[in-house]
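[1] Output the structure for:
(chains A and B)
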2 protein chains.
Amino acid sequence: MKDLIDDVFVAAFDNSDLAPMEDQARLDLGMLAAAGDRLAFTTDAVVVDPLFFPGGDIGKLAVCGTINDLAVGGAIPLYLSCAAIIEEGTSVELLRKVAQSMAHSAQLAGVRIVTGDTKVVPRGACDKLFITASGLGVIPKGVQLNAHAARPGDVVLVNGLLGEHGAAILAARGEMALDCTIESDCAPLHELVAALLARAPGVRCLRDATRGGIATVLNEIAQASHVGIEIDEAQCPMREQVRGFCEILGLDPLYLANEGKLVAIVAPEDADAALTALQAHPLGAEARIVGRVTELEPGRVVMRTLLGGHRIVDMLVGEQLPRIC
Amino acid sequence: MKDLIDDVFVAAFDNSDLAPMEDQARLDLGMLAAAGDRLAFTTDAVVVDPLFFPGGDIGKLAVCGTINDLAVGGAIPLYLSCAAIIEEGTSVELLRKVAQSMAHSAQLAGVRIVTGDTKVVPRGACDKLFITASGLGVIPKGVQLNAHAARPGDVVLVNGLLGEHGAAILAARGEMALDCTIESDCAPLHELVAALLARAPGVRCLRDATRGGIATVLNEIAQASHVGIEIDEAQCPMREQVRGFCEILGLDPLYLANEGKLVAIVAPEDADAALTALQAHPLGAEARIVGRVTELEPGRVVMRTLLGGHRIVDMLVGEQLPRIC
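    Numbers count the residues shown, from 1 in each chain, chains lettered A, B, ... in the order given. Below is the predicted model:
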């Protein structure tokens, strides 16, 4: 079983740095140091249920999620690891599909899966398959993106339609019996980020709006930077179908997970350049300015509603949706 | 729940590089490139059952296992990530103990846990807690350790008593109703490796003998290097209790997992220096030369038995013991 699984993953990730006979990948430090002055290092445990959903699967999600955690730090993503925890009895065909999806996603994004581990646990000790991906990237000299760098007057942008990953996963679970064609937005954002940073040096902070949606990310930035953030509901881009889906289920779409959306905090003089750069990229075609950073109520996010009133967009209290990513 | 868990892990790993407000750790590349010319990168999913056992716990095991995967490549381990998958309902007290054990093990070993992720899954979707640790280290210039570098005439060393992790885990499961005081040998080996490489430049290959024990590691080396390996049963260091434990259960101790033992393949002229260097370190006090590399039967491991005969030590066929690490 173990050999078979190793074969599945090693074969899918076939590349020269993935030395299956060694316990570690060995990467040229001179090449890394030539690309930037800081190494970015991140890890992402993916426990999504179901494993396959419209727009993606656990493998694509692990690769894209890890790439995005690097990209929002301004890093060029280069290398990934893949650790799979597999329930005994999971079909090799399923594992092969996931491994191939990871390999394909990595190849499209120009990153390489260079080391891995697989563990098989008895039936019932885990639910089919969990994947933990860690990532390495290089941050070019001079790039400084920080959650504490937002200042009053900055503008808040998003790169597209919100809430689609969360809605797609919920719909795919089939518990709602809703007829729904929403696909996950799962995508690697590093090329979009590179295009944005090239055109708009006044970008102060980027965050990918995964678990907890843009509401959570904006709260984290407001707290880290000790600023207020005001967003405009009318400007938040969203498919009618997602809005309707949320109404039926009583969910707030601002808290729905995304896997291909980021929030950008940009100095006001670079706001137009940032918007133009985002919209020029396929993953930013629906980009919008959704709000601004204020001096009022530091640490707090406020939304101007469609009806013209204001409401506080708080950190999520209580449990998030489990196994959304 | 998520906040609580983040607090548990972030508080335990408290250090300046673990930027809890950012999605990635940022590490100085100049400092890394000054320490060596290659970055070593590894990942280890730990699903051990039970979580606590004599001599260690899942946290210590994740830290030491990842350090050892770096160390056997000749790397100086520096940074770790920690991704925890947690079953809903697992007590915060248990998580705190594991996080503190990880922090303590990392601190003792001089490595830092700089990034992490936690995911909570519903009851029944995983068995309490799985931890995946990834590791980064730097390989100093000139260090070249490779599984394909063994040559006929080389000697085979181990740094101490074999099979104790595997025996300790099996005993701790309590299914055998055996009265047994064996403790896991779980320990970080990087300082031992550094001492060894400093004294014995003729070390050609190191492997930590985890899952599948030294039998598996020796087979991998024999196959990668296209050489035969002959070991001497009388020289394999082992506690009487482990030997007895294996006899009762019908297990072969050469296949039992270790978590603080390595196999070293060393050029003959450096064999004595290597043995002296290992024995001078607390984790190598029981080091022994256990065999040698031959030209006979490339890819095959043969053992001279206590009775003077020879038997083939094959790759493990069939299932390994699940959840041993």
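
[2] from here on, contacts and neighbour counts on C-alpha atoms
    Noted.

[3] residues touching A:Pro152, list them.
    A:227-228, A:292-295 (CA atoms under 8 Å, 6 or more residues apart in numbering or on different chains).

[4] Tabulate those residues (a markdown table), appending pLDDT, distance to chain B and secondary structure.
    Shown next, in a markdown table, are the contacts of A:Pro152 (pLDDT from 0 to 100; distance: CA to the nearest CA, whole Å; DSSP: H, G, I helix; E, B strand; the rest coil):
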| residue | pLDDT | distance to chain B | secondary structure |
| --- | --- | --- | --- |
| A:Val227 | 98 | 15 | coil |
| A:Gly228 | 98 | 17 | strand |
| A:Arg292 | 98 | 20 | strand |
| A:Val293 | 98 | 18 | strand |
| A:Thr294 | 98 | 20 | strand |
| A:Glu295 | 96 | 21 | coil |
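
[5] Can you say which of those are buried?
    The neighbour-count test (16 or more other CA atoms under 10 Å in any protein chain shown) marks A:227-228, A:292-294 as buried among the contacts of A:Pro152.

[6] can you pull the contacts of the closest residue to A:Gln24 other than its chain neighbours?
    Residue nearest to A:Gln24 in three dimensions, not counting chain neighbours: B:Thr42, with 4.7 Å by CA to CA, 6 or more residues apart in numbering or on different chains. When contacts are counted by CA under 8 Å, 6+ apart, B:Thr42 touches A:23-25, A:81, A:115-116, B:66, B:69-70, B:134-136.

[7] and the one helix or strand B:Thr42 maps to, which residues are buried?
    Using DSSP states H and E, B:Thr42 falls within strand B:38-46. Neighbour-count burial for strand B:38-46 flags B:38-46 (criterion: 16+ other CA under 10 Å).

[8] Tell me the bridge partners for the residue of chain A found nearest chain B.
    Across chain A, no residue is closer to chain B than A:Cys126, which sits at 4.1 Å (CA to the nearest CA). With DSSP bridges as the criterion, A:Cys126 is bridged to B:Cys126.

[9] mind checking how far it is from A:Lys60?
    20 Å (CA to CA, to the nearest Å).

[10] Give me the contacts around the helix or strand containing A:Ile214.
    A:Ile214 belongs to helix A:213-225 when assigned by DSSP H and E. Outside helix A:213-225, the residues within contact range by CA under 8 Å, 6+ apart are A:147-151, A:163, A:207-209, A:228-229, A:253-258, A:263, A:298-301, A:313-316, B:21.

[11] biggest separation within the buried residues of strand B:38-46, which pair?
    B:Arg38 and B:Val46 (25.8 Å; CA to CA).

[12] how about the strands in chain A?
    A:25-28, A:38-46, A:52-53, A:56-57, A:76-87, A:112-121, A:129-139, A:155-158, A:203-208, A:228-232, A:262-266, A:288-294, A:301-304, A:310-312 (DSSP state E).

[13] okay, now the domains of chain A?
    The record's domain parsing of chain A by automatic domain parsing lists A:2-139, A:155-312.

[14] Distance from the chain centre to the last one, please.
    When you say that, I think you mean domain A:155-312. 12 Å (CA atoms, centre = their mean, to the nearest Å).

[15] quick one on the thing from earlier: between all of the buried ones among the contacts of A:Pro152, which two are at the greatest distance?
    Pairwise over these, using CA to CA, the maximum falls at A:Val227 and A:Arg292, 10.3 Å.

[16] So what's the gap between the helix or strand of chain A with the lowest mean pLDDT and the chain middle?
    Ranked by mean pLDDT, DSSP states H and E, the weakest helix or strand in chain A is helix A:2-12, scoring a mean of 77. Distance of helix A:2-12 from the chain centroid (CA atoms, centre = their mean) equals 27 Å.

[17] thinking again about what came up before, what mean pLDDT would you report for the helix holding A:Ile214?
    Average pLDDT, helix A:213-225: 96.

[18] Ok, stretch A:231-241 next?
    Taken as a whole, stretch A:231-241 has an average pLDDT of 96.

[19] now stretch A:307-320
    Mean predicted confidence for stretch A:307-320 is 83.

[20] Give me the buried stretch members for that stretch, please.
    Buried residues in stretch A:307-320, counted by 16+ other CA under 10 Å: A:313, A:315.

[21] which outside residues touch that stretch?
    Stretch A:307-320 is contacted from outside by A:211-212, A:215-216, A:219, A:255, A:300-305, B:1-2, using CA under 8 Å, 6+ apart.

[22] Output the contacting helices and strands for the least confident helix or strand of chain A.
    Judged by 3 or more CA pairs under 8 Å, 6 or more residues apart in numbering or on different chains; DSSP states H and E, the packing partners of helix A:2-12 are helix A:92-109, strand A:112-121.

[23] In JSON lines: the domains of chain A, plus distance to B:Ala274.
    Compiled in JSON lines, the domains of chain A are given as follows (distance: least, CA to CA, whole Å):
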{"stretch": "domain A:2-139", "distance to B:Ala274": "21"}
{"stretch": "domain A:155-312", "distance to B:Ala274": "47"}
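
[24] re earlier: kindly give a single PyMOL line that selects the buried subset of the contacts of helix A:213-225.
    Of the contacts of helix A:213-225, the buried ones go into a single PyMOL selection, burial set by 16+ other CA under 10 Å:
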select buried, chain A and resi 147+148+149+150+151+163+207+208+209+228+229+253+254+255+256+257+258+263+298+299+300+301+313+315
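
[25] A:Pro122: neighbour count?
    12 (other CA atoms under 10 Å in any protein chain shown).

[26] contacting residues for the residue lying closest to it once chain neighbours are set aside?
    Spatially, and ignoring its direct neighbours in sequence, A:Pro122 is nearest to A:Glu88 (5.1 Å; CA to CA, 6+ apart). Counting by CA under 8 Å, 6+ apart, A:Glu88 makes contact with A:120-123, A:128.

[27] For PyMOL, write the selection for the buried entries among those.
    Paste this into PyMOL to select the buried members of the contacts of A:Glu88, with burial taken from 16+ other CA under 10 Å:
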select buried, chain A and resi 120+121+128
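
[28] Would you agree A:Ala287 is in contact with A:Leu275?
    Yes. Between A:Ala287 and A:Leu275 there is a contact under CA atoms under 8 Å: 6.7 Å.

[29] Mutual contacts of the two, please.
    With CA under 8 Å, 6+ apart, A:Ala287 and A:Leu275 have common neighbours A:Leu157.

[30] Correct me if wrong: A:Leu197 contacts A:Val203.
    Yes. Under the criterion of CA under 8 Å, A:Leu197 makes contact with A:Val203 at 6.8 Å.

[31] Those two: who's more crowded?
    For A:Leu197 versus A:Val203, neighbours defined as other CA under 10 Å are more numerous around A:Val203 (26 against 19).

[32] I'd guessed that one sits against A:Val266; true?
    Yes. With contact defined as CA under 8 Å, A:Val203 reaches A:Val266; the gap is 4.3 Å.
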